[in-house]
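Engineer: coordinates only, sequence not included:
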């Protein structure tokens, strides 16, 4: 079982070692969200203090997955990094290069090596490489797959 607070302290020290301006108002305690299913973490600012929440699903995840998710959220405490803009991406790249992370705007259960518990009601498949895109809700991707492409450039087809 992961000690999120200790991992948060470690990630914060890593960022500060790279001169990444982590907010001094970051709470040292991670909140465990027992209801989160589709997201792994979030950073919220309440009363001038940043709080990081992680899904309980990460409690049993590999330490690397927790560190990477915490690093993603810690970067949101930096000035001008509340979104996934150019500055946030620059800090993420520095963390990735220095510590071997793969911090991106979004992550997947497969990448973080945790079971995917979301219901699959719709499935799209790339016609070129066969990559599957399971979805729980009828999003724009599900309704209009012709508007989207796989990373390989292939077209998507809705299976159900």
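Structural biologist: Here it is on my side, so go on. Keep in mind that what you see is a predicted model, and the values were worked out from it rather than measured.

Engineer: Any idea how many residues pack against the residue nearest to residue 109 when sequence neighbours are not counted?
Structural biologist: In space, and not counting its chain neighbours, residue 109 is closest to residue 116: 3.9 Å by CB to CB, 6 or more residues apart in numbering. (Each C-beta comes from the backbone N, C-alpha and C, glycine too.) Neighbours of residue 116 under the rule other CB atoms under 10 Å: 14.

Engineer: for residue 125, same thing?
Structural biologist: By the criterion of other CB under 10 Å, residue 125 has 19 neighbours.

Engineer: Can you list the helices and strands that the lowest-mean-pLDDT helix or strand in the chain packs against?
Structural biologist: Between all helices and strands in the chain, the lowest mean by mean pLDDT, DSSP states H and E belongs to helix 109-112, at a mean of 84. In this structure, helix 109-112 makes packing contacts with helix 63-75, judged by 3 or more CB pairs under 8 Å, 6 or more residues apart in numbering; DSSP states H and E.

Engineer: avg pLDDT for the helix it packs on?
Structural biologist: For helix 63-75, the mean pLDDT works out to 97.

Engineer: what helices or strands is the helix or strand following that helix leaning on?
Structural biologist: On the C-terminal side of helix 63-75, the nearest following helix or strand under DSSP states H and E is helix 86-99. Contact partners of helix 86-99 among helices and strands, from 3+ CB pairs under 8 Å, 6+ apart: helix 4-17, helix 63-75.
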